[in-house]
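> Please work out how this folds:
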Amino acid sequence: MPGAAEAIDRAIDADLQAPGVTDVTAAYRDVAAARSKQGRADYLLPTVVHCASPEAAIAQKEYMFPFVTVVECPEAQMLDAIGPTLVCSAITCNPAFRRQLLDAVHIDRLNLGPVPTTQLNWLQPHGGQPDRVSVQRARVSDS
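The predicted structure follows:
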């Protein structure tokens, strides 16, 4: 869609001005902007943003291109802080917190472990080797 990449890039740039918000990928790009134009098409380059707090406006935003915010937040406040989300990736070995994440109805897709997959990684008490289990979430409609 003409102008969409430029508008998203401007919105991200504005959010990056907030204190405690850093574009981690900027140091690894050959170009200054996260947007690249090739011919008639505009592309948004993969972007990783670090937020020192869930209070940052960009921490609540999701975009339909390779974009992720890594947000520092105490585990006890995490579920309330994230609100509804399309994808949540949690790196934790805390079984009680994993259960809370699995039960959270405001998370559409949950990745547990350092590498997002379509399966959940469970660390087993016997040697810490991962055991993979598939999880599907059913949607319940009010109608």
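> Mark out where each domain of this protein begins and ends.
1-72, 74-136 (automatic domain parsing).
> which residues sit in contact with the residue minimising distance to the centre of the chain?
To find the centre residue of the chain, average its C-alpha atoms and take the closest one (C-alpha atoms, centre = their mean): that gives residue 68, at 4.3 Å. Residue 68 makes contact with 47, 48, 49, 89, according to C-beta atoms under 8 Å, 6 or more residues apart in numbering. All C-beta atoms are positioned from the backbone trio N, CA, C, and that covers glycine.
> Would you check that the third one makes contact with residue 23?
Yes - counting by C-beta atoms under 8 Å, residue 49 does reach residue 23; the two are 5.7 Å apart.
> Show me which of these two is the more surrounded one.
Counted by other C-beta atoms under 10 Å, residue 49 and residue 23 do not tie: residue 49 has more neighbours, with 22 against 17.
> that older thread, can you list residues touching both of residue 49 and residue 23?
12, 16.
> Would you confirm that the residue nearest to the centre of the chain belongs to a strand?
Yes - judged by DSSP: H, G, I helix; E, B strand; the rest coil, residue 68 forms part of a strand.
> Use 202 as the first number for this chain going forward.
Noted, 202 is the first residue going forward, which turns the last one into residue 269.
> what about it, distance to residue 263?
9 Å (C-beta to C-beta, to the nearest Å).
> re earlier: least reliable of the domains of the chain by average pLDDT, please.
Confidence, taken as mean pLDDT, is least for domain 275-337 of the domains of the chain (a mean of 71).
> any idea how far the longest helix seen in the chain is from the chain center?
Identified as the longest helix of the chain according to DSSP state H is helix 205-216. From the chain centre to the centre of helix 205-216 is a distance of 17 Å (C-alpha atoms, centre = their mean, to the nearest Å).
> now stretch 255-267
8 Å.
> Identify all contacting residues around that stretch.
Outside stretch 255-267, the residues that reach it (C-beta under 8 Å, 6+ apart) are 209, 212-213, 216-217, 219, 221-222, 245-248, 250, 252, 254, 270, 272-274, 278, 282-284, 286-288.
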